[in-house]
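Asker: Next one to model:
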Amino acid sequence: FTSDHGEELGEHGVVGWHSHTLFDELLRVPLIIRFPDLRHAGATVGVQVRLLDLAPTILAAVGATVPSDFEGVDLERVISGLPTPLPAASQLDLPDGDRVISLRTSRWKLYPRKALASDPFATTQLPLTVRFVNLARRLRHPFVLYDLEVDPAETQDVVADHEQVAGSLRGFLDGLLAARSTPRRVPTVTIDDATADALRALGYLE
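Answerer: This is a model prediction of the structure:
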């Protein structure tokens, strides 16, 4: 039992919207697992895990082989007390076609500054001076840093006070991205009218 995303309830100014930020209200979702033989029944794990860990966990639980190119891990190792998976990276596709990525540990959140300007409801551009200031900030610090222990609502950027932490997390993120294989091309799919109407009703097609 889980979800692919959370939902905003005004935490950062928007209600009932998703897919335009990388804040925790959209990334943290419930996860409840019932194993086939009820092993680990009643166990609660407080550490951070990732949605990409679900596929290898399900395959391992039913005795299937986990493909070697899966990035996730079998969560039974975490339930059994072994080290938690790597920090969680989350990607956002911006309206201008760019892609930005956040990185979350149990304490820190490295957040792409460019994503802060992603507003699906904006009808006008910011004043030119504000855009220049934002650009200058992005050039100096492409990421903001949140200390989730003292600021779980992700409201205070502390990158200036913890530049070493931000640099270490950014280095980890760069290494993670460099290690990933190039995405494979997939064939173009044509959907039928009924499917298109259903997606349009949900807001996924214009």
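
Asker: which residue ranges form the strands in the protein?
Answerer: Taking DSSP state E as the criterion, the chain carries its strands at 88-93, 99-104, 108-112, 143-147.

Asker: Note down every partner strand of the third one and its orientation.
Answerer: In other words, strand 108-112. Looking at strand 108-112 with DSSP bridges, its partner strands are strand 99-104 (antiparallel), strand 143-147 (antiparallel).

Asker: Need the single longest helix in the protein, by residues.
Answerer: helix 163-179 (DSSP state H).

Asker: That one versus strand 99-104: what angle between them?
Answerer: With axes from the mean of the first three to the mean of the last three CA atoms, to 10 degrees as the basis, helix 163-179 and strand 99-104 are set at 120 degrees to each other.

Asker: which regions of this structure sit below the pLDDT cut-off?
Answerer: 117-140, 181-183 (pLDDT under 70).

Asker: center of this protein - which residue?
Answerer: The chain has residue 90 as the residue nearest its centroid, 2.6 Å off, counting by CA atoms, centre = their mean.

Asker: partners of that one in the sheet?
Answerer: residue 102.

Asker: OK, contacts around it?
Answerer: Residue 90 is in contact with 22, 27, 101-102, 104, counting by CB atoms under 8 Å, 6 or more residues apart in numbering. In short, each C-beta sits where N, CA and C put it, glycine included.

Asker: How about the contacts made by residue 103?
Answerer: Contacts of residue 103 (CB under 8 Å, 6+ apart): 87-89, 109-110, 169-170, 172-173.

Asker: Can you show me the helices along the chain?
Answerer: Here the chain has its helices, by DSSP H, at 24-27, 54-61, 76-79, 128-140, 163-179, 193-201.

Asker: deepest of those, which one?
Answerer: Among the helices of the chain, helix 24-27 has the highest mean neighbour count (mean count of other CB atoms under 10 Å), at a mean of 18.

Asker: what's that helix in contact with?
Answerer: If you take CB under 8 Å, 6+ apart as the criterion, helix 24-27 is touched by 5-9, 11-12, 18-19, 88, 90, 102, 104, 109, 148, 152, 154.
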